[in-house]
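[1] Sequence plus the predicted model coming up.
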Amino acid sequence: NPIGAAPDEPAHYIKALGVGGGQLLGQALAPGEQPVFGKFQSELDKLPLVHQLTRRVTIPANLEPDTAGCTAGTPDVAATCVKASPATTDTRWGTGTVAYTYLGTYQPFVYALPGLAMRAAATALGAFIIGRLAFGVIALALMALGAFLCLEIASRRLVLVGVLAAVTPMVVFTSATISAGSSEIAAGVTVTGAVLHLAYGGRRRRLAWAALAIGGAVLAVSRTLGPLWVAILLGAGVGVAGWRPALATFRRNLRWAVPVTAVVAAACLLSLAWQLIVQPRPPLHLSEMALQFVHAFNTIPTVIQEEIGVFGWLDTEQAYPSTLLWEGLIWSMVTLALWVGSRRERWTLGSLVVANLVLTPILYPVIGAPAGVVVQGRWLLPVAVSVPLLAGVVCARHLRLSSRAARWLPAGLAIVVAGVQFLALYQNDRRYAVGSNGPLLFFRQSLWSPPGGWGLWLSVTLVSCLAIIAGSALLGREGRSAVPHPRAAAA
């Protein structure tokens, strides 16, 4: 994507550069000071909390983002504006070494390492690439850890389907952007994998405890809702195991459980303290909140669609059949898991599904409406990813498939997943090359192309999607089950 072509990415970019330079908070605006927000100036000036959230930071002059975000809201137009002069496109985010971010009061912790690396770049383009790579590598490591722990719980063939379904095109997109949401979503996968592994008595207990400490800490300090996500995912683990077995597991592993609990609790307290001390708290009116709660139910379908894949500044949709295929995959898994699972598993999975639906109307009057924005699908992904992960584990532990079905069903679903991922990336690329309604073979007459050209990146996309299929075939080979099958254990 062009620089800044993700939700709030220019503001995240400036915040990361500030934090990387030791400015955890930045400077509050002086009375009468007018921040500069590029093409979003008039829109952001209308939002009630923007000036309270905004901070002024000092960045290297050569890293000023200039035209970042100029593509937002114009999906039918190619990204030629990134080549234009900022003076003609009115897309500056500051002047010289002074830049403004309307995410200034947000928790700064996950920006530190990427921001430090970004400051070594010579140009804004280079800093964006380094920042995306840094956030992407962190997200990849966290998700790989969570996925591995899930795959070690039961039959890999069916657990793998849950892992593939959890990593939606939106998860892939957000993970590769400069955003705290990248680390937050990936940490949700890590925590889910860790708590499920411990709940089911997996053999990789030490790794699971370590993953819970790392993932729980990252999830807690990433964004405002981090401590809530930690509580929900820990509750899911207790729900699957039962509170008595969960307590027994804690007691049997005090050497690991106590320090891990201390780390995660400290991270939650740090995030909550930052929220209470630094973040502005708008007044809430119960009468308005009730109406906003009811109104927000209408936005649930949009939120679900965004969880699967709406790219750019939420202005670039993937093909609707792709969304339907992914929804069908997840709901089929959930339905099957609710049918074959134990009572605890059914209650826990059902609770996670309900939570993913009702969090939209709950969060809108508390967070969205006071800030003048709607709830977005990426906000809920740290918890939403737990639904297909748990459904995959439940199906793997209880379903008895014929050898042919067990071999070919996951492989077929992997092909579907890889195909949807390729189409999602292709549609996203087409949007910036020629516009969303431009020629299907956009690479032949592209008006904008990324460094290296479309041939390189389309080849990388194709190879990556083929790797999903090949990797699924390799990982799907049955080995020793990490946990006894429930029927075998009963026997």
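    Thanks, I have it. Residues are numbered from 1 along each chain as shown.
[2] and Y100, that one's in a strand?
    Yes: secondary structure assignment (DSSP: H, G, I helix; E, B strand; the rest coil) places Y100 inside a strand.
[3] Let me know how buried it is, in neighbour terms.
    Applying the criterion other Cβ atoms under 10 Å, we find 25 residues in the vicinity of Y100. Quick note: C-beta positions are derived from backbone N, CA and C, even for glycine.
[4] Repeat that for W243.
    Using other Cβ under 10 Å, W243 has 9 other residues around it.
[5] what helices or strands is the top helix by length along the chain leaning on?
    Here the longest helix in the chain is taken by residue count, with DSSP state H as the criterion, and it is helix 403-434. Other elements packing on helix 403-434 under the criterion 3 or more Cβ pairs under 8 Å, 6 or more residues apart in numbering; DSSP states H and E are helix 156-166, helix 169-175, strand 310-311, strand 316-317, helix 320-340, helix 453-475.
[6] Which of the ones you listed sits closest to S386?
    With respect to S386, and counting by Cβ to Cβ, the nearest of the helices and strands packed on helix 403-434 is helix 156-166 at 7.9 Å.
[7] Could you list the low-pLDDT ranges of the protein?
    Under the criterion of pLDDT under 70, the regions of the chain flagged as low confidence span 85-91, 402-407, 476-491.
[8] rerun at 90
    Segments of the chain classed as low confidence (criterion: pLDDT under 90) are 31-51, 66-70, 73, 81-96, 154-158, 281-288, 318-320, 370-372, 399-413, 470-491.
[9] which residues in the stretch 201-350 of the chain form helices?
    With DSSP state H, counting those that start in this stretch applied, the stretch 201-350 of the chain shows helices at 205-222, 226-241, 243-252, 254-277, 286-296, 300-309, 320-340, 343-363, listed in chain order.
[10] which parts of stretch 126-134 are buried?
    A127, F128, I129, I130, G131, R132, A134 (16 or more other Cβ atoms under 10 Å).
[11] ok, now stretch 461-475?
    Of the residues in stretch 461-475, those buried by neighbour count under the rule 16+ other Cβ under 10 Å are T461, C465, I468, S472, L475.
[12] Now for V189: which residues touch it?
    L142, M143, G146, A147, A166, V167, G215, V385, L389 (Cβ atoms under 8 Å, 6 or more residues apart in numbering).
[13] how much space between it and V167?
    8 Å (Cβ to Cβ, to the nearest Å).
[14] With distance to I14 added, can I get the helices and strands packed on helix 403-434 in TSV?
    Below are the helices and strands packed on helix 403-434 laid out as TSV (distance: least, Cβ to Cβ, whole Å):
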stretch	distance to I14
helix 156-166	31
helix 169-175	18
strand 310-311	21
strand 316-317	23
helix 320-340	32
helix 453-475	26
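[15] Nearest to V373, out of those?
    Comparing the helices and strands packed on helix 403-434 by Cβ to Cβ, strand 310-311 comes nearest, at 15.0 Å.
[16] which residues are in contact with that closest one?
    With Cβ under 8 Å, 6+ apart as the test, strand 310-311 has contacts from 1, 6, 169-170, 173, 316-318, 377, 424, 427-428, 431.
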